[in-house]
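*Asks:* the sequence and its predicted three-dimensional model are supplied below.
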Amino acid sequence: MSSFIAAGTSYATHGVPMVPFYTVYSMFGFQRVGDLAWLAADMRTRGFLMGATAGCTTLMGEGLQHQDGHSLLLASTIPACQAYDPAFAYEVAAVIRHGINRMYGPDPADVFYYVTLYNENLLMPARPAHVTDEDIINGIYRWRSSEGTSHASVLFSGTACSAAIEASDILRERYGINVDLWSATSYKSLREDAMETERWNRLHPVQSPRESVIDRTLGRESTPVVAVTDFMRIVGEQIAPYVRGRRFLALGTDGMGRSDTREALRRFFETDAEHVVVAVLSTLIGSHGITAATVEKAINELGIDLDADHGLTRD
């Protein structure tokens, strides 16, 4: 971190600004050197802090010492930190491209970027034709529309994309429920934009109200929203107050880490595809033919053990 700070404020021999990329073990970033991250902001440092092996479930066998469910939460406390949790390679590229231009372009900003990087081999899709860099930088975009009328929206970040995609298939094939899938690349950005919009509207009561990014995207629908990340639930819940008119339920990796396979960890933290399915169905009770009995049946069919230990277990 000290080299990140130094590099962010130094210049090459001929006055060419450096663009530092400092890769840290995600768990050891904001937790162990968080004060230096604040110092970096105070020094107007610019550059990229890459949180490798991010999340609680992609690093097998390391347990609570290395599994990270809270760096994005800690990053949200630093105003100058632009925190992103990309799911796909093209999102990483868009963030880096935007960051270089924002920090070193014609109107440079005194910010630095925190970007999560996971530890899992996943086939990366091409960027959908309808997705722009601006969509990615704004913090959320519809990655895939539902087949037919959408009954709910599932938001994913990082490697939680796999659970969301699998859950959407299960919901459609077994329960006749269609969901649209959204990539939430930055809850911090969404929250800050929503707060700024709320403030402007509050202080300009006679002018036409502005729309936040959340208003322009999720605010156009009225169906339930389920958000899943590889971090604590409160990361996704940062935007819950601003998703008006829609029930919002976040799934996340609250609790201490443990050593196990990815599949077992995701079942333990209740962020796997099966738990996403149950979460969506539970938000739809009383509509689209979904009843409490439907949810109970799904829990049994999907092999969910109600008595198993989980991330929120308190002994």
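*Replies:* Cool, got the structure.

*Asks:* quick one: D230 and G55 touch, right?
*Replies:* Yes - the pair D230 and G55 passes the contact test of Cβ atoms under 8 Å, sitting 3.1 Å apart. All C-beta atoms are positioned from the backbone trio N, CA, C, and that covers glycine.

*Asks:* shaky segments in this structure?
*Replies:* 1-14, 61-63, 314-315 (pLDDT under 70).

*Asks:* so where do the helices sit in the stretch 1-150 of the chain?
*Replies:* Taking DSSP state H, counting those that start in this stretch, the helices of the stretch 1-150 of the chain run over residues 2-8, 30-42, 71-75, 89-104, 133-138.

*Asks:* reformat these as JSON lines; add distance to S153.
*Replies:* Output for the helices of the stretch 1-150 of the chain, formatted as JSON lines (distance: least, Cβ to Cβ, whole Å):
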{"stretch": "helix 2-8", "distance to S153": "36"}
{"stretch": "helix 30-42", "distance to S153": "29"}
{"stretch": "helix 71-75", "distance to S153": "21"}
{"stretch": "helix 89-104", "distance to S153": "18"}
{"stretch": "helix 133-138", "distance to S153": "15"}
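
*Asks:* just these: most buried one?
*Replies:* Mean neighbours per residue, mean count of other Cβ atoms under 10 Å, is largest over those for helix 71-75, with a mean of 24.

*Asks:* distance from the chain centre to that helix, please.
*Replies:* 11 Å (Cα atoms, centre = their mean, to the nearest Å).

*Asks:* ok, now stretch 20-29?
*Replies:* 18 Å.

*Asks:* got the end-to-end distance for that stretch?
*Replies:* Its start and end residues considered, stretch 20-29 measures 16 Å (Cα to Cα, to the nearest Å).

*Asks:* try stretch 128-139
*Replies:* End-to-end for stretch 128-139, by Cα to Cα: 16 Å.

*Asks:* quick one: residues in contact with that stretch.
*Replies:* Applying Cβ atoms under 8 Å, 6 or more residues apart in numbering, the contact partners of stretch 128-139 are 86, 90-91, 94-95, 97-98, 141-144, 183-190, 193, 213.

*Asks:* among those residues, the buried ones, what's the PyMOL command?
*Replies:* A single PyMOL command selects the buried members of the contacts of stretch 128-139 (16 or more other Cβ atoms under 10 Å):
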select buried, resi 86+90+91+94+95+98+141+142+143+144+183+184+185+186+187+188+189+190+193+213
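
*Asks:* ok so, going back, of the helices of the stretch 1-150 of the chain, which approaches A126 most closely?
*Replies:* helix 89-104 (7.2 Å; Cβ to Cβ).

*Asks:* return the closest one as PDB; C-alpha atoms alone will do.
*Replies:* Output of helix 89-104 as PDB, limited to C-alpha atoms (Å, rounded to 0.1, in the frame of the first residue of the first chain):
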ATOM      1  CA  ALA A  89     -13.800  -9.300 -18.200                       C
ATOM      2  CA  TYR A  90     -15.300  -6.600 -20.400                       C
ATOM      3  CA  GLU A  91     -16.500  -4.900 -17.200                       C
ATOM      4  CA  VAL A  92     -13.000  -4.800 -15.800                       C
ATOM      5  CA  ALA A  93     -11.800  -3.300 -19.100                       C
ATOM      6  CA  ALA A  94     -14.400  -0.600 -19.000                       C
ATOM      7  CA  VAL A  95     -13.600   0.400 -15.400                       C
ATOM      8  CA  ILE A  96      -9.900   0.600 -16.200                       C
ATOM      9  CA  ARG A  97     -10.500   2.600 -19.300                       C
ATOM     10  CA  HIS A  98     -12.800   5.000 -17.500                       C
ATOM     11  CA  GLY A  99     -10.500   5.200 -14.500                       C
ATOM     12  CA  ILE A 100      -7.500   6.200 -16.600                       C
ATOM     13  CA  ASN A 101      -9.400   8.900 -18.300                       C
ATOM     14  CA  ARG A 102     -11.000  10.200 -15.200                       C
ATOM     15  CA  MET A 103      -7.700  10.300 -13.200                       C
ATOM     16  CA  TYR A 104      -5.300  11.300 -16.000                       C
END
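
*Asks:* tell me what it is packed against?
*Replies:* strand 47-52, strand 81-84, strand 112-116, helix 133-138 (3 or more Cβ pairs under 8 Å, 6 or more residues apart in numbering; DSSP states H and E).

*Asks:* in this structure, which spans are strands?
*Replies:* 21-25, 47-52, 81-84, 112-116, 140-144, 152-156, 179-184, 225-228, 248-251 (DSSP state E).

*Asks:* of those strands, which is nearest E237?
*Replies:* Here strand 248-251 is closest among those (Cβ to Cβ), at 4.8 Å.

*Asks:* of all the strands of the chain, which lies closest to Q65?
*Replies:* Taking Cβ to Cβ, strand 21-25 is the member of the strands of the chain nearest to Q65, at 10.1 Å.

*Asks:* and the closest one, what does it pack onto?
*Replies:* helix 2-8, strand 47-52.

*Asks:* repeat that with 7 Å
*Replies:* strand 47-52 (3 or more Cβ pairs under 7 Å, 6 or more residues apart in numbering; DSSP states H and E).
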